[in-house]
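can't give you the sequence, but here's the structure:
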């Protein structure tokens, strides 16, 4: 199984800690610090990572809601999910105070647990 991990770089410390609990023998995680190299086109590499993933984890925080890149990634993931016809996007809540903003901004995902 391949998962794409989306987050704000301001949340990198906690995301890297949580990444340690992903069973490497069962799951291949796409995360920017491992998959993006110098000189890469971010849009191209990220879109390819989302395209090749089975699941998309979005770490939700005030930081991620303020990130233009995270917003782009979510929109690309939502397009893929529409084509797949199954729940591809899995929200991971880091900051419960931003839940009202999240549900208002991403209405299609507001009922995800």
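Structure received. Keep in mind the model is a prediction, meaning the values are calculated, not measured.

elements contacting the lengthiest helix in the chain?
Looking across the chain with DSSP state H, the single longest helix is helix 68-84. With contacts taken as 3 or more C-beta pairs under 8 Å, 6 or more residues apart in numbering; DSSP states H and E, helix 68-84 sits against strand 2-6, helix 42-51, strand 55-60, strand 89-93. (Each C-beta comes from the backbone N, C-alpha and C, glycine too.)

Tell me how far that helix lies from the chain's centre.
Helix 68-84 has its average C-alpha position 9 Å from the chain's average C-alpha position, going by C-alpha atoms, centre = their mean, to the nearest Å.

got it, and stretch 49-57?
8 Å.

quick one: low-confidence ranges for the protein?
32-38, 40, 113 (pLDDT under 70).

and the closest residue to residue 69 other than its chain neighbours, how many neighbours?
Among residues not flanking residue 69 along the chain, residue 42 sits closest, at 7.4 Å (C-beta to C-beta, 6 or more residues apart in numbering). Residue 42: 12 surrounding residues under other C-beta atoms under 10 Å.

Please apply the same query to residue 54.
12.

Point me to the helix or strand that includes the residue located most distally from the centre of the chain.
Distance from the C-alpha centroid of the chain peaks at residue 39, with 22.0 Å (C-alpha atoms, centre = their mean). If you go by DSSP states H and E, residue 39 is not part of any helix or strand.

Counting neighbours, what do you get for the residue nearest to residue 67 when sequence neighbours are not counted?
Excluding its sequence neighbours, the residue lying closest to residue 67 (C-beta to C-beta, 6+ apart) is residue 8, at 4.5 Å. Residue 8 has 19 neighbours, counted by other C-beta under 10 Å.
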